[in-house]
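*Asks:* Sequence below, structure please.
(4 chains)
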Number of protein chains: 2
Amino acid sequence: MEAKNKKMKMMTLDQLKDRDIGKIGTPERDKYEFDLRMELLGEMIKSVRKERNLTQEQLGELIGVQKSQISKLERSTKNVTIETILKVFRALKANVRFSVEMNESEFKVA
Amino acid sequence: MEAKNKKMKMMTLDQLKDRDIGKIGTPERDKYEFDLRMELLGEMIKSVRKERNLTQEQLGELIGVQKSQISKLERSTKNVTIETILKVFRALKANVRFSVEMNESEFKVA
DNA sequence: AAAAAAGTTATATTATATGGAAACTTTTGC
DNA sequence: GCAAAAGTTTCCATATAATATAACTTTTTT
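*Replies:* Here you go, the predicted structure:
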C-alpha cells in the first residue's frame, strides 16, 4: 500500500479500514470484522487456559478432545459454534456472557 | 414430579435444578443450562426483530435467507455458529458482545 | 545441544448447522 | 368467521464445524 495522496494528513482507524478493507456491511469488511472477533476469542481461550496453568493437552482432556483441537480453537480464523465455546470455558471454569445492545436499551442474555 | 418430602419447606431455584436436573457439571445439567442459553438467544433475536418492526420474512430478506430459517433460529433448541448470530444481529443493527469472566478479572471480547 | 514437552499443521472422517421449498398452523385484520 | 399474513415444521441437500491421528515445528528443560 502506498501513500499517494499528498494532501492526506490523518485518518482514523475506521477510515483506513473503510478504504482498505471495505465499508462496514460489505462482505469483505464483515469478514474482516468477523475474523478479528474470532481471533480475540481464540486469544481469550488461550489466556484463560494459561491463567489456569493448563497445557492444551490438559484442557483437551478436561473436555475430551485432542490437543490439536484446542490448538485450532485458539488460533483458527474459522467459525465456531456457541456450544463449543461454552464447552471450553465451562472446562476452564469461566463464565461467558452474551449481551445484545440496540440503541439505548441493552438486553443481557445468559 | 411429586412432592414426597413432607419436611421440605423451601428450595432455591438452584437447589431445584440440582435435584431435578442434576448438579452443575453433569452432562444433563450442562445440557439444560445450554438449552436455556440458546433459548434466550433465540428470544433475543425475536425481541430485537419485533423492536425493529420486522416480520421474519423481512429479516430474512435483509440477510438473504428464507423466513423458515429465521423461525428456526428464533426457536430452535439447536446450536448456532457465531457467524450466524453476528449476521442476524448485524442485520438488526444491534451489537453483540461476548465477554468472559473468571474470578475477579473480566476480559471483554469484541 | 540434546531430549522432552508443548504447540501446530495436514489430511481425512463424521456430525451437524445452514439453507430452500412447500405444506401446515397460528395469529391478525376485516 | 373468513381471508390474508405471519410463523412453524418437515423433508431434504449442501456446506462446514468438530474431531482424531500422526507428522511436524517450536519452546522449554536439563
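
*Asks:* Pretty sure A:Asn53 sits in a helix.
*Replies:* No: assignment of A:Asn53 by DSSP: H, G, I helix; E, B strand; the rest coil gives coil, placing it outside any helix.

*Asks:* For it, grab the count of nearby residues.
*Replies:* A:Asn53 is flanked by 7 other residues according to other C-beta atoms under 10 Å in any protein chain shown. The way it works is simple: take the backbone N, C-alpha and C, and place the C-beta from them, glycine included.

*Asks:* Report the separation between it and chain B.
*Replies:* Using C-beta to the nearest C-beta, to the nearest Å, A:Asn53 is found at 13 Å from chain B.

*Asks:* show me the residues around A:Lys72 that make contact.
*Replies:* With contact set as C-beta atoms under 8 Å, 6 or more residues apart in numbering or on different chains, A:Lys72 has these partners: A:Lys78.

*Asks:* mind running it again at 10 Å?
*Replies:* Residues near A:Lys72 by C-beta atoms under 10 Å, 6 or more residues apart in numbering or on different chains: A:42, A:56, A:65-66, A:78, A:80.

*Asks:* distance between the ends of stretch A:87-98?
*Replies:* One end of stretch A:87-98 to the other measures 15 Å (C-alpha to C-alpha, to the nearest Å).

*Asks:* Pull the contacting residues for the nearest residue to A:Val88 once chain neighbours are set aside.
*Replies:* Leaving aside its chain neighbours, A:Val88 sits nearest to A:Ile45 (5.7 Å; criterion: C-beta to C-beta, 6 or more residues apart in numbering or on different chains). Contacts were defined as C-beta under 10 Å, 6+ apart; by that measure A:Ile45 touches A:56, A:59, A:70, A:73-75, A:80, A:85, A:88-89, A:92, A:94, B:100, B:109.

*Asks:* Give me the distance between A:Ile45 and DNA strand C.
*Replies:* 10 Å (C-beta to the nearest atom of the strand, to the nearest Å).

*Asks:* which parts of the one helix or strand that residue maps to are buried?
*Replies:* In the assignment (DSSP states H and E), A:Ile45 maps to helix A:27-51. For helix A:27-51, burial by neighbour count (16 or more other C-beta atoms under 10 Å in any protein chain shown) applies to A:29-30, A:32-34, A:37-39, A:41-42, A:44-46, A:48-49.
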